[in-house]
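Student: Quick one: sequence plus predicted model below, questions after.
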Amino acid sequence: QVQLVESGGGLVQAGGSLRLSCVASGFTFTTYHLAWFRQTPGKEREFVAAITSNGGSTLYTDSVKGRFTISRDNAKNTLSLQMSSLRADDTGNYYCAANRLYGITDSTRYIHWGQGTQVTVSS
């Protein structure tokens with residue numbers, strides 16, 4: 001059974017940092033590209049960052065470039081998102097997702113999803 005379990009969310013002040021993690025099981029982790037999305041109530045799920053199966057390439061949405069870093073540890077089946085200089089508009093439920101294709105920013109094309117972890121940034 002495929003599982004993606006996110007953790008690390010919480011409440012943080014603007015300018016602070018958080019590190020999100022996503023632990024995967026039930027599929028061959030090293031053959032999937034991974035991504036982080038976020039969603040706020042009433043809005044569509046928004047692409048945040050993606051990383052290739054071997055970790056060699058990354059992609060970010062413009063609003064998080066220079067502030068967020070996506071990484072993965074294939075030995076531990078873990079995906080991470082280091083977030084710094086957080087802003088109020090970074091608030092949302094953050095999801096990790098897996099796909100056979102890289103660089104897809106359309107959430108509807110992702111196969112596997114976690115349940116999400118809430119990030120709230122207070123201004």
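Tutor: Ah, there it is.
Student: can you pull out the strands in this structure?
Tutor: With strands called from DSSP state E, the chain shows them at 3-7, 10-13, 18-25, 33-39, 46-51, 58-60, 68-73, 78-83, 92-99, 112-113, 117-122.
Student: do you know which of these lies nearest T105?
Tutor: strand 46-51 (3.8 Å; C-beta to C-beta). The C-beta positions use only the backbone N, C-alpha and C, and glycine is treated the same way.
Student: Partner strands of that closest one and their direction?
Tutor: Using DSSP bridges, strand 46-51 pairs in its sheet with strand 33-39 (antiparallel), strand 58-60 (antiparallel).
Student: Any buried residues in stretch 113-123, and which?
Tutor: Using 16 or more other C-beta atoms under 10 Å as the test for burial, stretch 113-123 gives W113, G114, G116, T117, V119, V121.
Student: End to end on that stretch, go ahead and measure it.
Tutor: Its first and final residues considered, stretch 113-123 spans 29 Å by C-alpha to C-alpha, to the nearest Å.
Student: roughly how far apart are the most centrally placed residue in the chain and A49?
Tutor: Centroid-nearest residue in the chain, with C-alpha atoms, centre = their mean: W36, separated by 2.2 Å. W36 sits 5 Å away from A49, going by C-beta to C-beta, to the nearest Å.
Student: what sits in contact with each of those two?
Tutor: I70, L81 (C-beta atoms under 8 Å, 6 or more residues apart in numbering).
Student: Comparing the strands paired with strand 46-51, which comes out most buried?
Tutor: Stretch with highest mean neighbour count among the strands paired with strand 46-51: strand 33-39 (a mean of 23; mean count of other C-beta atoms under 10 Å).
Student: and the angle from that strand to strand 18-25?
Tutor: Angle of strand 33-39 versus strand 18-25, following axes from the mean of the first three to the mean of the last three C-alpha atoms, to 10 degrees, is 130 degrees.
Student: Let me know the angle separating strand 33-39 from strand 78-83.
Tutor: With the same axes, to 10 degrees applied, the angle from strand 33-39 to strand 78-83 works out at 50 degrees.
Student: can you list the residues that contact strand 33-39?
Tutor: So strand 33-39 is contacted by 20, 22, 45-53, 70, 72, 79, 81, 90, 92-104, 107, 110, 116, 119 (C-beta under 8 Å, 6+ apart).
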